[in-house]
Each structure stands twice: as structure tokens, then as C-alpha cells.
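**Student:** Based on what follows, work out the 3D shape:
(5 chains)
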Amino acid sequence: MARPNHRKHRKNLLTSPGTLTYVGEKTNIKTVIKRIEYNDSFYQEEVASTMEVCIPKKVPTDQPYITWLNVTGIHEPQVMEQIGKLYQLHPLLLEDVMNSYQKPKVEAYEDGHLFITMKMLHLGKTGAGGIWGEHVSFVLGKDYLVSFQEQQSGDVFTPVIDRLKGSVGKTRRSGSDYLLYALMDVIVDNYFLLLENFSDQLDQMEDQVINGRHSQSLGDLYDLKRELTYTRRLIWPLRDMLTQLVRADDPLVSKRVFPYMRDVNDHVMQIIENLDAYRELLASLVDVHLSTISNRMNEVMKTLTIFSAIFMPITFIVGVYGMNFDNMPELHERYGYYTTWAAMALVTLGMLLYFRWKKWL
Amino acid sequence: MARPNHRKHRKNLLTSPGTLTYVGEKTNIKTVIKRIEYNDSFYQEEVASTMEVCIPKKVPTDQPYITWLNVTGIHEPQVMEQIGKLYQLHPLLLEDVMNSYQKPKVEAYEDGHLFITMKMLHLGKTGAGGIWGEHVSFVLGKDYLVSFQEQQSGDVFTPVIDRLKGSVGKTRRSGSDYLLYALMDVIVDNYFLLLENFSDQLDQMEDQVINGRHSQSLGDLYDLKRELTYTRRLIWPLRDMLTQLVRADDPLVSKRVFPYMRDVNDHVMQIIENLDAYRELLASLVDVHLSTISNRMNEVMKTLTIFSAIFMPITFIVGVYGMNFDNMPELHERYGYYTTWAAMALVTLGMLLYFRWKKWL
Amino acid sequence: MARPNHRKHRKNLLTSPGTLTYVGEKTNIKTVIKRIEYNDSFYQEEVASTMEVCIPKKVPTDQPYITWLNVTGIHEPQVMEQIGKLYQLHPLLLEDVMNSYQKPKVEAYEDGHLFITMKMLHLGKTGAGGIWGEHVSFVLGKDYLVSFQEQQSGDVFTPVIDRLKGSVGKTRRSGSDYLLYALMDVIVDNYFLLLENFSDQLDQMEDQVINGRHSQSLGDLYDLKRELTYTRRLIWPLRDMLTQLVRADDPLVSKRVFPYMRDVNDHVMQIIENLDAYRELLASLVDVHLSTISNRMNEVMKTLTIFSAIFMPITFIVGVYGMNFDNMPELHERYGYYTTWAAMALVTLGMLLYFRWKKWL
Amino acid sequence: MARPNHRKHRKNLLTSPGTLTYVGEKTNIKTVIKRIEYNDSFYQEEVASTMEVCIPKKVPTDQPYITWLNVTGIHEPQVMEQIGKLYQLHPLLLEDVMNSYQKPKVEAYEDGHLFITMKMLHLGKTGAGGIWGEHVSFVLGKDYLVSFQEQQSGDVFTPVIDRLKGSVGKTRRSGSDYLLYALMDVIVDNYFLLLENFSDQLDQMEDQVINGRHSQSLGDLYDLKRELTYTRRLIWPLRDMLTQLVRADDPLVSKRVFPYMRDVNDHVMQIIENLDAYRELLASLVDVHLSTISNRMNEVMKTLTIFSAIFMPITFIVGVYGMNFDNMPELHERYGYYTTWAAMALVTLGMLLYFRWKKWL
Amino acid sequence: MARPNHRKHRKNLLTSPGTLTYVGEKTNIKTVIKRIEYNDSFYQEEVASTMEVCIPKKVPTDQPYITWLNVTGIHEPQVMEQIGKLYQLHPLLLEDVMNSYQKPKVEAYEDGHLFITMKMLHLGKTGAGGIWGEHVSFVLGKDYLVSFQEQQSGDVFTPVIDRLKGSVGKTRRSGSDYLLYALMDVIVDNYFLLLENFSDQLDQMEDQVINGRHSQSLGDLYDLKRELTYTRRLIWPLRDMLTQLVRADDPLVSKRVFPYMRDVNDHVMQIIENLDAYRELLASLVDVHLSTISNRMNEVMKTLTIFSAIFMPITFIVGVYGMNFDNMPELHERYGYYTTWAAMALVTLGMLLYFRWKKWL
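**Tutor:** Model (predicted):
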């Protein structure tokens, strides 16, 4: 479980390479393993109570079937090690499965399987609007697929399991590579929910910035920007991964699955483009926000200047006639007081006209 | 119909891949299918009342002709599915045809056809100056072309139909690949109208910014910038598409059409370059606008300072002679009052000269 | 004739491709065609009164010579069409010749000729310092070269014609590819004049910005920036063009001309680098200009603050002794008035020292 | 020892190439050489008292073992020269070993060994939070590895030595290439400690900026930015190095070590990505900081304007009734004084309401 | 001699290509040619009084020796032409030798020699801290090297000549390619002196900016930035040049010299990286400088506001008791005057506390 903060990284430093330790935030989640077997004529699922259930069985060539080992929880080193032994997984592969800070990648191992790791992104249950990336890995073999999930997080794979169980569709009739596609597709589809969340937040902020209710909005804008950047960094490597899957001549991924992989790639591209568009929009909002502040300052200064320019002259005038000179003839004129008022009114009017002419009013 | 807003994306999440649903804003448009057949010696068109009209016919090799199936409206899944069956289109291809958020791309399918999708851009009829992108797709076969349009939008293809109908020109004498070119050319030509609209808006904004009528202009500038970005994003992939069409050794696109495709590419490049130039100009306008605001602030501050610097000293002077000390010899001098006025005039003059020397006046 | 404004683009929209129309600003220029024939032993030139003069002649292999058809004026579609027919030029090639918004490019046509189009840049005769790009195209054949110029613009090709006429130099002894080089070299050499003009403008602006005579200078800076960008956009594609000419195995360009083409490329690179350096310098000037404004604002504010800080306290003091309380002992003291003056002088001095200590004075 | 300052570079300028001089800050460190020999059945280590211990021994093919020469201190040219002679190292290789400003690189020498140099990064013991890069080099041969360290810096290689000594693990059973991997892995693992230090500093600064305790914070932000940039520049070349090691067909690095090298590469990528994320965060902090300053200015101006707008009018009013006109009827009215107070209260209230309406209060 | 100004470019415009003219600032430097011959057993040098000394001699294969023609001064076309004829140099090569604005490049000529041109950078003797680039070119043949220098500039090649003369070292035992390396190495080593100069200037500016002695510093910062950019532009192409020299299969550069060329490349990379780091540091300094100005403005505004907020209220109060109403009971109270003072003291204290609470004091 990797949060967009920047505190923890890789804890098992300075241990011998291949030493298995879970890297990420601590949890007490027990590993649950589900074994699903299916082909176009049968389907059966079983929760593994002992490790024996996980042993890969010899698939008969006359009636082949697909085995999907769905492992939930990657926190127990000894369980991971056992699975690693059963499926002949390289120690470094297992290290990557258990390192929740590992970024998405695909790697072909010489032992005849393909390793894929990516992130399932969830809207933060923990706090206000945060995002967290669940570490998901796949090991694709000739007629099996092992999937590793960090948590039972609302069971993202359920739609695929339901489809498998429900009817003899394309997934049931196809190989383990199509199953891999189906699971990746479900994960990528989920990213769109995130996009919609971002889009809603952006709409709200746009309103706030344009209506000038800007208290704290700059902080919010930067928070959203950081989330966008974090999401983008987790999704971006998928592009290379998928192109690699399609281009490589790996016999594990058949040509028939290529259009599907390309379709997932299209979705990934669409998401990345949207994220980029959001970032650009965000940058514009920041600019508009800053220019709003600057405009407001301008307005404040104008107000001050207008007040000063009107009251300074007339305060000066009343000051003049507050002087105590013996010889000030105006003071003794009959309508001196009223004339003074008239003069001050004139000055005020002149100032107002001047500022109107300057378009400050 | 995809607007440059950022609200809706891809709705048929978590359904089985290949499930056809229209993705975009809801409309009640009925699908209309027109079948056009032509070669250099005959031309005939027919609106399909039943699906049977759409069945691809066996083209005689001695007198080959081109079939163009012009489908308007992509909102009815069952119609799309029927066309898909008739022309053996991959379910994912049909998904792309119906997903109005799909970005432009070209894809070669193994079943012997080429899939091309792009955007026709329209000036928004809905609001003030908005842009919307109509989703247009093509399926190019050996002697047929199926085109899918989202709406009857002012019938962009009419000039091509008129040319086909009107005379035995190059289009009538060439294959389905040339027809594809002609239709793409019409779409790209339409982009130039958009460019002119952008250019007019820019001219107007330039005037506003330079003449300082800047109320709300920053918002307008950012709106235009966003439209430019949106347009660029829809047009940019065409570059790769067209290069791909020309470089690929696809037998469906003959070498004779290459120069024409390259010509469309040239136009696309010209449009992108213009868009980029507009964006740069826009950025300069924003800078000029901000510097105008800053200059104005400067002017406001100068006005304030000049007023203060003139009236503060003379107000002080009149204050001095408003004091009530018993022993103030000046008050009893005969011309004290007039001397004071002279002194204040001198101070004022001095200040004015000082500010003129500082070039603030 | 393409100006760096952003108004007109491509007018013959929605016509059948290959329909020839001049695209650019309207002029009444008549097309003038000059036919020049030369080899190392003879030289002859002739202005074409009829189209027959333009017919490509069969060059005898024992005494080969080069034919250069110098076409001035690209505004008459029917003339262009006739030349196109005589030299078997593709309709799209002719469209590019007549489209003055076409950006520089090189294209090899299968009919055995090479098409090159580029811009001759002129300092605007029309206005103050504007730049306009004249559209120039070349068709290079085995022993002929057809050049198309938009206008009789001060006859840029004259130096080459003079060299051909004057003496039996390298140009006379070489093929049509060397002639092409010579003409391109003349055009690129002319760009250096532009550079010098830019450089002069920059020097002037640098002076203005540093001396703070900044009225309108920001606008000027942006105008120059736009011109630099415009020029760069027209010159930039030459780089690719020239590399393409040298790398391609086109038999029309012999290896002996390669060093010369590389030399032109070097010049183009030098120009682009200078333009980039100018742009950078311009950006620095804008920054210095903005910081000057900001500094000035600072100075204005300081002046205001110093005035206020000095006059506010002493105005307050004189206010105190303007009060009319019955019991104010100071008023009746003999030297009260003078003491007050002394106090005010002290306050003023204190303030001045304070601001000196703050380094505001 | 290279600090992130920019003072010293390469001192042995203008000497004949290959002349050995230590380049870096001067120290008096004596070179200490340790010779370690091991295979899966034995382990032995010895500190070299004479150079003879360093002579590479002939390894018997029936019971091969690995020799690791661990050289600490690169400051004595004559020692380096001797080692160079014993192991046939190119003079330029030795120059790179002794030049502590040499950036990380890998180079294959034709004499059958591979040269690798990189930086061990330490948190500055010298000052407050500085970083210094220790220069580390490796020479990989068929069954030997020579490592050069600048200092005895807390002995980074200790964990590897302990593992070798402690048990017959993977390192003991593998070749010199795996030993190289193990040492590089230890160095890269150490980078994570740096990351955590950066992350802590960032957290602290984030707090400071958001809480507005901003005295000197801009300087601190730029200091951290410079350290990030410095670190990134030292780590970045590792990416290419490692890819090169894996792609090259060098017989010295066996395919079995490839996954391990790729794993180190993954870590390097993770570190670089984190550094980039930190830089972006830092840039946001700078923006927030600047906007905070700007907001504060706004607040200051508002305060000033509100004060002025309230006190200027009422000071004017009291000025009016301080005038000494003979004929001022209000002065003689019974409740004139109280009415004036009421009027001033009204004006003040009006101003307050006006500013509340303007949302300045 | 090319200065970082932007005034002169390429003067011999519109002349026939290959016409030799010196391009650069005018000087009266006479061309001096030195002929050096050496191998591992003899060394001899001779200043050419006539052109005959320059004639390339037939080198005997049994006792081969290297000829180095060191030409100082590139201003006399006729001398250059003669050398060109003797060594069969292409006219364009000579043009590049004489064009001091030519950027660094390497070119292989078919006549069996390699042309290399680069810049020697000098700290400006002319003015305060300027940099000027001396144009240096090399023509490398099988057993000869011709070097062209613009000026006798402190004789950069002296260390190499001394090494040749002094002892039978690596240079004496190697071919002309090693001599080329030695000369290039000397030039690149000289760049480090420049780096140190830049570094010193940066240190000084850093001090100035941090201590706020900022008069004119922005201008200085931009001047340094321009010099860095200029230097970088002259050094950058060396990277490509050196890679080209090493990658190309040119028989003139033997494999034994490859590590040396790679070493020069390493130094070039190190210099470029340092320049980039300086530029980044400079950008940070500009930001800090601007933020300092902004902070100062803030301080000025605060001072103004505090003064106003304190003196406006108390000036108002004294104004009140300066009014001349008949009925003002306070005036006649015994301690009215003192009470007023107390009130004003209270107001002032309140204000001071308010601003302290706001952290403005």
C-alpha cells in the first residue's frame, strides 16, 4: 500500500539479496489463496486451506484447462516462499511481489513464465480525497496464472470471477493470456473512476477560483496537482509494459490476445491524456488565481489612492482656515464658510471626474 | 460528441470486453445507412431501409466497382452489431466506432481491412464559441469503404458525394483507398475553418489587451488556450496515423495514393504549426496583459505618492499656524498669512519639479 | 507572400484535390519565364514569349548542357498547368508551388525529378520592420532545373545569373544539382542580412531597457520575439531538407555536390543558433524590463513611506497644540512654540537617520 | 571526495596524459589494501603489508576461487601505479580511479577487464546536512575484483564481507561478477538512507511554509533543491551503466547475474523517480511560499486602506469645525458637538459596512 | 575571434562559394608557419620563411616520421590558398578554416584527410571578464597534421611542443592521431580555467545576493548567464565530434587512440555538466534576488501601514479637541488635556500590540 507521501521506501536495506520481507505499511492481513480451474466445459473453485492445494497439477493435453491461483495478502514471507518453490519463481521476482513500492513493469523469466506488476488505484478510505495504490502482481505461465493482491480491497476481480462462473463466454474459451488481459482490463477500467473523481474536484475548484472564494484554494490546487502527478507516475509505465507484451515474441501471449492488449493500451493512453489535460487546466487555474490576487491588490490600491486624493486637498483647505493669523481677511467675510464648502465640493467633484476619466471608477 | 470539458469518459466500465454500448452524450438519433456504388462507368446510391441492402456483394473482377456504406448515427448497438457481422468486424473495432472518446488512430486487422478513426471538428452550435469533435470512423476493405458518422452534421461528406455524382473524375476512376483519402481530405480541410475562427478570436483579444480593455480578458485568454489545446490533442495523432498509412506495406493502400496521403499530412502539419503559433501568441498576450496590470498598479502608486508628497508638507504648515501658543510672533505679523501661502506654493512647486525630475510626471 | 500574421491560410478548401488556385495574398503579377541554357562552352538566355520556348529539349549526350527555366510569378493557374504538362509534374506538386503557405520541404517524385520548396525572406517593404517570406520552389531534373519565384523581388538570383554569364566557373562546369545548390546558397546567404537586422534591433532595445526608457518597449520586445519565431519556423525545416538531400541515394544529386550541400546546412545551423541566442537574449531583456518596473515600484513605495513617516508624527504634534483645552500649560510657556519646533526637527532627523540605517535613503 | 560546491575541478591540467595525481580535496589517508580469497569451500583474508600480497595468483581450474582486492585510499600515486602494473591497468583507467570528480561510468578494456566507477553518497559529517560523494571504482576480471574506495568511510562493504565470512551463501557460490553486483547493491541501498533524509527535510519545510514561519525558508528551499540536483546528477548515469552491463555481450558478466543487475537498476530508477518527485514538491513549495508573501502584502495593503478610508473623512470633519470663520452657525448650536460625533460615527459605520460588503473584512 | 556579442556574422555573402575571405574581426596579424618533424629518434623544428618549407615531403616507410605544420594567423587568403594547394584541401574546408564564426565540427574528406575545427576559449583581455573564442582548426593526414590558430594567443600549444622537444614520451612514439589528441586535450584542459573563473564569479554574486547588496546585480547575473550560454554553445558540439571520431571507421584514427579520445570526451562532458549546474545555480540566484526585492517591498509597505495606523487615530483625536464648538464640556475639565494624552497613549499601545499579534513587528 503506497501513499502519495514521501516517507517510506525500501526497508530491507543491507540484507542479502533475495531475502523476503514485506516492504510497505504494516498490516495483519492473513494470506488467502483461492484456486480456480476452468475450461469451456467445467469450472471449479476452492479456497486453499493447506499449501498442497496450490501445487500446480499436470494438465492433460486432450482436455486442457486453466488454473488461476488468486493470492490475497502479500505480507507473509514464508507463504510467499512456498508458492515461489512450487512455481519455481526467482527470489527477485518474489521480492518484487512483496515490495509495494515497486513500480509497474513486465519481465520475462527464462523459467518459462512472465512477471507483470501494476497498481490498483483506490480512492482513499483513510482520509479526505487521498489516493492509494494497491500492489498487484501476476505470474503468467502456459496454462496457469498466479495473481497477487495486497488486500481484499472490495474485490476488484469479482466481475471476472462472476463472468467465469456465470456463463461460457470468451474468457472461458480462451487461455491464461486472455485471463491476464481480463484482469488487467478490470484494473485499468477502475482508473476511470479516479478520473471522474479528479474531474469533479477540478470542477469545484474552477468554481471557487472564478467566484473568487479563494481562501486556501492555492493549497488545494497544489494538493490536487500532487495527486495527479502521483497517479500519472503509477500509470505511465503501463504504456511501455503493454507495448512490450504485444511486441515481444513471447509464446505465452498469443496473437489473438494482441488486439485486446492494444485496447487496454488505448485506455491507458486515454487516461494519461486526461491526466495531462487536468494538469494543464490546474496550471491555468493557478495562474488565474494568482492574477485574481494581483487584480484585487490593484483594486485595493485604487481605493486607497482615490480616498487620499479626495481627502488630502480638502483637509488641507480646512487646515488653512484653522490657522490663527491675526490678519486673515477671509475669516471675517460673511459667506467665507459657505464659500469654503463650495470650494471643497468643487475639488471633490474635480477629483471624481479625474478618476472617472482615468477609468479608475 | 466530445466536448472540451472533462466530465464524462467511458461509461461501460466493468462489462465484458466487446459489449457494445454507445459512449458519449445521449441522443435519439436514428441510424441512417446509405449505400453508394460506383466505378468509372456507373454510379448509384440507395438509402438502406432494411439491413439486407448493407450485405457486401461479390464484386465481378471483369468490371469492378467500389461500394461505400455511409453510416450516420452510431447510437444503436444492435444496428452496429449487424453491420459488424456482415463485414466481419472485430468486436473491439465496433467498440471503438461507438466510443466517441476514442482518440484518432489507424489499426490493421488481420481479417483484411483497415480501421481508421478521427474527429470532425465543428464550431459549437450549442454555445458561444465552443468546439465539439464529431467521432468519424472508416473501415477500408479491398473494394469497399464503410464510414461511420456520429450525426448528420451539416453533411461534411456532401462535396465528395457531389463530385462522385457529378462527373467521372479522379475519384470515380480510383479505388476505395482514394475514396478514403478524399473523405479524410474533406475533414482536414474543415479544420482550416476552425483555424480562421481561432485567428479571428485572437485578433479581437489582441486588440482588447493592447487597448487595455481588460475586464475578464484573462479568463477569455485561458478559455481560448484550452480550446487550442483541445483541438491540438484531437489533431496531433493524425500525423502518426498518416505516416503509418504511407509507410505500412498494407496492400489496401496503393502507392498511387501515397502522394495524396502525404499532402493531407502536410495540411495536418500546417494546422498543428498554426495552432502552436497561436498558443505562443496567446502566451505573449497573457504576459502583456499581466505586465499591463503591473504597469497600472505602478501608475496608481505614483499618483498616490505624488498627492501625499504635495499635501502632507503643506497640511503640516497650516497645522503649525493653527497652534494656540501664546507666544507665536508670526501670527501677529501683518503679511504672515500671505507669506505662509507663498511658502506653501513654493513647497508644492518644489515637489512638482522633483517628481518631474524623477520622470514620474 | 506569407506574413507573420495569422489571418489567411488555405483558401481553396473543399475543391477537388489537384485543382490549381493561387493561395496567398492577391496580386496582379504577370508570370515571366526566362529560359537559360549553358554548359562549359556556351551560355544563352531567352525570355519566353510563348509557351513553346519552355518545352524541354532533348539534350545531346555528346555535348550535354543544362536548362534552367526561371519562372517569376505563380499566380496564373493556366500557365502553371501548361508548365506542369510539359515537365510531367504531379498536380499536387503544382498545388504546393502555388500555395504560398506551404512550408519548406523536399520530395522525390517517381517521375524522375526532385521537388524542393523554401522561403526567401525579405525585410518588409510594406511597413516598419516586418518580414515577409517569398515562396520559392525548384524542380530538379537530370539536366534541367525549373525555379518558381513569387515575385520579381529585387532579383535574388541575379548574382548566380551574373556568375553564369560572366565567366566559365564551377557553376558552368557542373550539373543542374550544382545550380540548385548555387540558388539555395544565395537564398540562405540572404538570411544573414535578416540576422543583422534582428541584431541591430536587439542592440537598440537593449539600450532602451537598460536606460529605462521603457515606454512601449515590452510591446516591441514581443513583436521582435514573434518575428524571430516566425523566421525560425520558416528556416528550421531546411535542416531536415538538406540532410535528406545528402543522405538520400537520389541519382539526381551527385556526391560531388554533397560537401556544398553540407556547407549550406552549416550556414542554416549557424542562423538557427543565432536566432535561438537572440530569443534567449530577448527573454532576458523581458525579465530585466519586468524587474526594472518592479524596482521602480519599490522606489515609489519607499518615497511614499518616507514622506508619511516624517510628516505624520510632526503633523500630529502641531495638532496637539491646536487643541482648545482650557488647561494646557505648555501653551502659555514662553518658549513653548520654539521648543515644539525643536522637537519636530528632532523627530524628522530621527526618521531620516532611521531610513538611512535601513538603507532606504 | 566531491562536495556539491563548484570550486575545484581537475587540477592536473596541462600535464602529460596518464600522469597520475590525486584530484580532489587533500587528505593524508594512507592506502590500505586487503586481499580476500574465497570459493564455496574456503575463505581467507589478509591485509597487504607489502605489494607482493597483491600479485594476482594463477587460479587452478580444478578448484577455482575468487580474489577480491579491496583498496582503501586513492591518494598515493606510486601505490596506484604499482597496482596498475600488477593488473595491467591502462594509465587512463588509473587516472579515472584517482579523479574524484569523475562521474559514474562503465568501460570495457581490451585487456580483458571491465572498469566501473560510481559514487557512494554520505550525509555530510562536516557540516549541517551537506552531502558528499565518495569516489568508488571497480576493476572486474575473470576471477578477481579490485575495488577502490576513497576513505574508510564507516566501511560500507562490511555487510558483504560479513556475508562472505559468515556462511556459504549465494555470494560464496558465485563468481566475481556476483561479488561486483553485491557491492554495487550495497552502495545503491545506501542511497535510500539519503532519500529518507531528504524526505524528512521536505516534511519540515512543508510545515514551515504552510504555517508561514517563512524567515529564510526560501534560502533553505534552494539549498535543498541544489542538493537534490547534485545527488540526481551523481545517480543518473548509473541507469545507463547498468543497462550497458546487461546488454553488452561481455563474457565477464554472466547471464545468471543479469536479473540481479536489473534489480539494482530498478532501485536506481525508484530513487531517481523519488528525487524527481521531491524536486516537483519543492517547486510547489516555492510557489506556495511566494504566493504566501503576495497574500500577506495584500493583507497589509488592505489594512492600510481601511485605516485611511475611515480616518481620513472623520479627520476632515473635525478639521472643518476647527476653522476660525466668524460666521459658522453650527459652532454655536447647542448640540453641534454631539451631532458631529454622531455624524462621524455614521461615516465610520458606513465605511465598515462598505468594506465588509467588499469582503475585505 | 568571435565574441559573445551578436553583431557580425558572415561577411562574404553573395560571392561565389569557395572564394576565400577571412570572416571575423579585422586584425593585421601576419601568418607564421612552423614546421615540426619528429619520430621516436629525432625531433626538428623550423619556422617557414618561404612556402617551400611547407611542401609535404615523402615519408620513408622504413623510418617514418610525423610532420606537424603549425599555422598561426588565418587572415591572409593567398597564404591559405597556397597551403590548400600543397595539401589538396577542398575550397570549402579552407573557407571553414578562415570563418571564425564556424562552429566546432569534424568532417572526413575523401582526399584522405580529416578536418576538425573547434574553439580555444580565452578570458577576455579586452574588457572586464568577457570571453572570446579563438578559432582553431586541424587537418589530420596519414603522417602529418596541419593546425591553424587565429592568433599567437599565449601559445596554448607550447606544453605539447615542450613535451615533444623534452623527452621521448608517448607523443614522440605515437602517430599523428595521438598528436591531434594531445592538442585537443590541451585545448579542453584550458576550458577548466574558464570554469574556475565562472565559479569565482558565481561565488561573488551569491555573496552579493544573499547579503542583499543588490544594486545592478540582476544585470550582472544576466551577463554571466549569457557568457555561460555562449561557452556552452561553443563546447557542446565537441561531444558529437568526439563520439564521431571514435565511432567512425576512419583509418586515420587508430584504435589505440580511442581511449584517449574517450577521455577527452569525459572531460568535455564534465565541463558541460558543470556549466549546466552553474546555469541552474544562476537561475536560483535570480529567483532569490527577485524574492528579496519582493520581501523588501513587503517590509516597506508594513512600515507605511504601521505608521499610518498609529498616527491617523491620534491625529484624529487631537483634531477633535481643536474644534471650536461653544459647547464642548471636555475642554473645560481640569485634566481633560492629560486624559487626552492618556487616551492617545492607549490607542498607540493597542495598535502596537495588534501589529505584534499580527507578527508585523
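**Student:** and the residue of the stretch 201-350 of chain A nearest chain E?
**Tutor:** A:Gly322 (6.8 Å; CB to the nearest CB). Where you see a C-beta, it was placed from the backbone N, CA and C, and this is true even at glycine.
**Student:** Contact residues of the stretch 251-361 of chain A facing chain C?
**Tutor:** Where the stretch 251-361 of chain A comes near chain C, counting by CB under 8 Å from any CB of the partner chain, the residues are A:Gly322.
**Student:** go again using 10 Å as the cut-off
**Tutor:** Residues of the stretch 251-361 of chain A lying near chain C by CB under 10 Å from any CB of the partner chain: A:Ser308, A:Gly319, A:Gly322, A:Met323, A:Asn324.
**Student:** ok, and the last one, which helix or strand is that part of?
**Tutor:** I take that to be A:Asn324. Counting by DSSP states H and E, no helix or strand carries A:Asn324.
**Student:** Against C:Trp341, how distant is it?
**Tutor:** From A:Asn324 across to C:Trp341, the span is 16 Å (CB to CB, to the nearest Å).
**Student:** In terms of neighbours, single out the busier of these two.
**Tutor:** Set A:Asn324 next to C:Trp341 and count neighbours by other CB atoms under 10 Å in any protein chain shown: A:Asn324 wins out with 19 against 15.
**Student:** Please verify my assumption that that one contacts B:Asn324.
**Tutor:** Yes - here A:Asn324 lies in contact with B:Asn324, judged by CB atoms under 10 Å, at a distance of 6.8 Å.
**Student:** Which neighbours do these two have in common?
**Tutor:** With contacts defined as CB atoms under 10 Å, 6 or more residues apart in numbering or on different chains, the residues shared by A:Asn324 and B:Asn324 are B:Leu331, C:Gly322.
**Student:** hang on, the earlier thing: did I read that right, the residue of the stretch 201-350 of chain A closest to chain E in a helix?
**Tutor:** No - using DSSP: H, G, I helix; E, B strand; the rest coil, the assignment for A:Gly322 is coil, not a helix.
**Student:** so it touches D:Gly322, yeah?
**Tutor:** Yes - using CB under 10 Å, A:Gly322 is in contact with D:Gly322, at 4.2 Å.
**Student:** Now list whatever residues contact both of these two.
**Tutor:** B:Gly319, B:Gly322, C:Gly319, C:Gly322, E:Gly319, E:Gly322, E:Met323, E:Asn324.
**Student:** Could you report the distance from the second one to B:Ser308?
**Tutor:** Relative to B:Ser308, B:Gly322 is positioned 20 Å away (criterion: CB to CB).
**Student:** which of the two has more neighbours?
**Tutor:** Higher neighbour count among B:Gly322 and B:Ser308: B:Gly322, with 26 against 22, using other CB under 10 Å.
**Student:** got the contact list for that one?
**Tutor:** Contacts for B:Gly322 (CB under 10 Å, 6+ apart) come out as A:318-325, C:318-319, C:321-323, D:319, D:322-324, E:319, E:322.
**Student:** Kindly recompute the last result at 8 Å.
**Tutor:** A:Gly319, A:Gly322, A:Met323, A:Asn324, C:Val318, C:Gly322, D:Gly322, E:Gly322 (CB atoms under 8 Å, 6 or more residues apart in numbering or on different chains).
**Student:** do A:Val79 as well
**Tutor:** Neighbours of A:Val79 in contact, by CB under 8 Å, 6+ apart: A:Thr31, A:Ile33, A:Met51.
**Student:** Quick one: buried ones out of those?
**Tutor:** Among those, those classed as buried by 16 or more other CB atoms under 10 Å in any protein chain shown are A:Thr31, A:Ile33.
**Student:** now, which of the contacts of A:Val79 sits nearest chain B?
**Tutor:** Closest to chain B out of these is A:Ile33 (24.4 Å), distances taken as CB to the nearest CB.
**Student:** Dump the residues of the stretch 251-361 of chain A next to chain C into CSV; add pLDDT as well.
**Tutor:** As requested, those are exported to CSV (pLDDT from 0 to 100):
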residue, pLDDT
A:Ser308, 93
A:Gly319, 93
A:Gly322, 93
A:Met323, 93
A:Asn324, 92
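**Student:** Now A:Pro313: closest residue in space that isn't a chain neighbour?
**Tutor:** Leaving aside its sequence neighbours, A:Pro313 sits nearest to A:Val347 (CB to CB, 6 or more residues apart in numbering or on different chains; 5.0 Å).
**Student:** If you could redo that for A:Ile271, that was the one I meant.
**Tutor:** Closest residue to A:Ile271 apart from its sequence neighbours, by CB to CB, 6+ apart: A:Tyr191 at 5.2 Å.
**Student:** Then the one you found would be within a helix, right?
**Tutor:** Yes - assigned with three-state DSSP, A:Tyr191 falls within a helix.
**Student:** circling back: wait, which of the residues of the stretch 251-361 of chain A next to chain C is closest to chain D?
**Tutor:** Among these, A:Gly322 lies closest to chain D (CB to the nearest CB), at 4.2 Å.
**Student:** where's that closest one relative to D:Val320, distance?
**Tutor:** Per CB to CB, A:Gly322 is found 9 Å from D:Val320.
**Student:** swap in A:Gly175?
**Tutor:** Separation of A:Gly175 from D:Val320 (CB to CB): 97 Å.
**Student:** Perfect, that will be all.
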